[in-house]
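# Next one to model:
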Amino acid sequence: MGRRLAKSLAEKGERVRVLCLPGDAFAQGLSADGIEVVFGDITRPETLAPALAGTDVVFHLAAVLLSPGNEAVFQAVNADGTRNLVRAAEAARAGHFIYVSSISVAYPRGNAYARSKLAGEEWVKAGRIPFTIIRPTLAYEDGGAAEFMAFVAHLRRGDFVFLPAGGRARKNPVHVDDLAAGFLALPRNPAAFGKTYVFSGGGSISLMEMGDALLKHMGKRKPIVSVPAWLCRLAVAAAWVIGKILRRPPAFTWQTYTGLIQDADFPCDAARADLGYSPRTFPEGIATLASLRSVLAGAV
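The predicted structure follows:
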């Protein structure tokens, strides 16, 4: 998402500077696209000044999405790292801070990731810079987006697809290209100052329907088996114990479980009205997943 946004901003004529972790594999590609790269780490405040110097608009997309067995990373990066970046942006006298949060902050059942993103939102609101907060739903693109690809990996395994409570949870997946288009409408836009927007897709779909659509996309069919909620919770506990014994990250976590059973089909009406945001539906978006078709088909 970050690389797509950086390139899109550069194509609009913006001067773009990207903060990358040392050793980031994407840094070389960004430099090749004519984008300035500065190395640093949002968990180390002393490294941020060179990236923020002279900036007018700050997009904050850096986050840890998945960290099985080490939830402290969420606090260090997503919460404390956001605090550090807000303070560095204030010191640089930036004019607009755009924070990419997560729709999971609105879930009735929270998890460590959602709590860390919500803490990040609070640091942004407490800052002295005009801000905009974006809560994307499940992001996807051709061959990418971590949470989406984790779901794809689940579809690829075995002869059956197991979903909690039959996959009844409603989702509203959003294509990364639509996210990028929405982001481009934000910089220096006074209509967006102080606002929190949902960036979702063009329509609601159940997790079961998503799985079925992806299976059809790869030309495969598998039975989808409903797993009772109590059994899933037991599996989370068992995975945690096994992970402790084997000293490795658990294979199934509370974060994964809560993400699979809760609705995330929030509408994007405010973004449509203020920003002209117009996302595609999942059936329209899935037609763009050309390489994913071969990845899935070759692995099942």
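
# so the residue nearest to Pro187 when sequence neighbours are not counted bridges to which residues?
In space, Pro187 comes closest to Val57 once its chain neighbours are excluded; the distance is 4.4 Å by CB to CB, 6 or more residues apart in numbering. In this view, the C-beta of every residue, glycine as well, is placed from N, C-alpha and C. Beta-bridge partners of Val57, counted by DSSP bridges, are His96.

# who's in contact with Val57?
94-96, 98, 187-188 (CB atoms under 8 Å, 6 or more residues apart in numbering).

# Check those for burial and list the buried ones.
Taking 16 or more other CB atoms under 10 Å as the criterion, what is buried in those is 94, 96, 98, 187.

# Show me those that map onto strands.
Secondary structure from DSSP state E places 96, 98 of these in strands.

# Redo the buried ones among the contacts of Val57 as TSV? Include distance to Ala239.
Output for the buried ones among the contacts of Val57, formatted as TSV (distance: CB to CB, whole Å):
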residue	distance to Ala239
Ala94	42
His96	42
Ile98	36
Pro187	42
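
# Out of the buried ones among the contacts of Val57, which comes closest to Ala237?
Checking those against Ala237 by CB to CB gives Ile98 as the nearest, at 38.7 Å.

# Could you check how far that closest one is from Pro68?
Separation of Ile98 from Pro68 (CB to CB, to the nearest Å) stands at 29 Å.

# Residues in contact with the longest helix along the chain: which ones?
Once the chain is assigned using DSSP state H, the helix that runs over the most residues is helix 229-246. With contact meaning CB under 8 Å, 6+ apart, helix 229-246 is reached by 68-69, 164-165, 249-254, 257, 261.

# And stretch 254-261, by the same measure?
Applying CB under 8 Å, 6+ apart, the contact partners of stretch 254-261 are 66, 104, 107, 109-114, 147, 150, 163-165, 167, 169, 207, 229, 232-233, 236.

# before we move on, what about stretch 189-198?
Residues contacting stretch 189-198 (CB under 8 Å, 6+ apart): 96, 101, 103, 121, 130-137, 182, 185-186, 266-268, 270-271, 274-275, 277.
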